[in-house]
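[1] Kindly generate the corresponding structure for this input.
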Amino acid sequence: MKQKIGSGTSWEKTIGYSRAVRVGNRIEVAGTTAMDGDQLVGLDDAYAQTKFIFEKIERALKELGASLQDVVRTRMYVTNIEEWEEIGRAHGLFFKDIQPAATMVEISRLIQPNLKVEIEVSAILMSE
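    Coordinates of the predicted model:
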């Protein structure tokens, strides 16, 4: 069984993607940014953007019957690796005890110039 959820943005239909997809006990959450509709949360603040992103991811997981406890991997794409500590601090706020495999890489830019980070996660529900 495949279950998909969206965020309701026009981008999903134009590009053809879902916010998150669950197949069996596995959930993949698409690249998530600090956009709240058309508004950017945390302008010039990598920590605030990252915190908001993990809150969005947590809501998506919950909609699919999971939680942050089920996350086994995080992938963080950042536009300025010098901000790794702020981004890492926000990651630690959510994953200090969970400790998923994590990757952080610097990229040249994201789709909106003021975005500092985009994050994907993979989760596996062990009770399935």
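[2] hmm, who's touching the helix or strand of the chain with the lowest mean pLDDT?
    For the chain, scoring each helix and strand by mean pLDDT, DSSP states H and E identifies helix 10-11 as the least confident one, at a mean of 76. For helix 10-11, the external contacting residues (CB atoms under 8 Å, 6 or more residues apart in numbering) are Y17. All C-beta spots, glycine's among them, are computed from the backbone N, C-alpha and C.
[3] This structure: helices as residue ranges?
    Using DSSP state H, the helices of the chain run over residues 10-11, 46-63, 84-95.
[4] Which among the ones you listed is found nearest to P113?
    Go through the helices of the chain one by one with CB to CB and the one that ends up closest to P113 is helix 46-63, at 13.1 Å.
[5] Tell me who's in contact with N25.
    With the criterion set at CB under 8 Å, 6+ apart, N25 makes contact with I124, L125, M126, S127, E128.
[6] 10 Å instead?
    With contact taken as CB atoms under 10 Å, 6 or more residues apart in numbering, N25 is in contact with G65, A66, D70, A123, I124, L125, M126, S127, E128.
[7] What is the nearest of these to D45?
    The closest of the contacts of N25 to D45 turns out to be A123 (CB to CB; 26.5 Å).
[8] Hmm, R26 and the closest one touching each other?
    Yes - with contact defined as CB atoms under 10 Å, A123 counts as touching R26 (7.3 Å).
[9] any residues in contact with both of these two?
    A66, D70, V72.
[10] Let me know the closest of those residues to V105.
    Of all these, V105 sits closest to V72, with 18.3 Å by CB to CB.
[11] Burial check on the closest one, number of neighbours?
    V72 has 15 neighbours, counted by other CB atoms under 10 Å.
[12] Next one: it, what pLDDT does it get?
    Listed pLDDT for V72 reads 98.
[13] swap in E128?
    Per-residue confidence at E128 stands at 56 (pLDDT).
[14] on that earlier part again, got the helices of the chain as JSON lines, with distance to V78 and mean neighbour count columns?
    Written out in JSON lines, the entries for the helices of the chain read as follows (distance: least, CB to CB, whole Å; neighbours: other CB atoms under 10 Å):
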{"stretch": "helix 10-11", "distance to V78": "21", "mean neighbour count": "10"}
{"stretch": "helix 46-63", "distance to V78": "7", "mean neighbour count": "20"}
{"stretch": "helix 84-95", "distance to V78": "6", "mean neighbour count": "17"}
